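Visitor: coords please:
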Amino acid sequence: MHSRTLATGMIVVTSLAALIGLDATAAEAVAHGLVGMMQFTASWWLENRSVPRERLVAQLTDWLWEGFRHLDSAESWRPL
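Guide: This is a model prediction of the structure:
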């Protein structure tokens, strides 16, 4: 399952980078980071559940989209 999740993450990151004209060479590293963050957050939530599931999903989704939305101003994501 991890490899499918990672592959999906790489497709998403690479596609988003290409869509907004950014360097996609960092897709693998970023996909690993995103998958790891989601896995650890899910593990934490399963033990804690202090945040309603719907709210946590909305917060993580907003965080991801906001982060991607501002990548065009990040020096390290500009094409070489």
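
Visitor: in terms of helices and strands, where is Gly67?
Guide: Under the criterion DSSP states H and E, the helix or strand holding Gly67 is helix 53-69.

Visitor: that helix packs against which elements?
Guide: Contacts defined by 3 or more Cβ pairs under 8 Å, 6 or more residues apart in numbering; DSSP states H and E place helix 53-69 against helix 27-48. C-betas here are computed from N, CA, C, even on glycine.

Visitor: now do the helix it packs on: everything it contacts.
Guide: With contacts defined as Cβ atoms under 8 Å, 6 or more residues apart in numbering, helix 27-48 is touched by 2, 5-6, 9-10, 12-14, 17, 51, 53, 56, 60, 64.

Visitor: list the buried residues for that helix?
Guide: By neighbour count on 16 or more other Cβ atoms under 10 Å, the buried set for helix 27-48 is 27, 30-31, 34-35, 45.

Visitor: hang on, the earlier thing: what's the angle between the helix holding Gly67 and helix 27-48?
Guide: In terms of direction (axes from the mean of the first three to the mean of the last three Cα atoms, to 10 degrees), helix 53-69 departs from helix 27-48 by 160 degrees.

Visitor: kindly export the helix or strand of the chain with the lowest mean pLDDT (C-alpha atoms) in CSV.
Guide: Ranked by mean pLDDT, DSSP states H and E, the weakest helix or strand in the chain is helix 2-19, scoring a mean of 80. C-alpha atoms of helix 2-19 as CSV (Å, rounded to 0.1, in the frame of the first residue of the first chain):
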residue,chain,number,x,y,z
HIS,A,2,2.8,2.4,0.8
SER,A,3,4.2,2.2,-2.7
ARG,A,4,0.8,2.9,-4.3
THR,A,5,0.3,5.8,-1.9
LEU,A,6,3.7,7.2,-2.7
ALA,A,7,3.2,6.8,-6.4
THR,A,8,-0.1,8.7,-6.2
GLY,A,9,1.6,11.4,-4.2
MET,A,10,4.3,11.7,-6.8
ILE,A,11,1.7,12.0,-9.6
VAL,A,12,-0.1,14.7,-7.7
VAL,A,13,3.0,16.7,-6.9
THR,A,14,4.5,16.3,-10.4
SER,A,15,1.2,17.3,-12.0
LEU,A,16,0.7,20.3,-9.8
ALA,A,17,4.3,21.5,-10.4
ALA,A,18,3.9,21.1,-14.2
LEU,A,19,0.5,22.8,-14.1
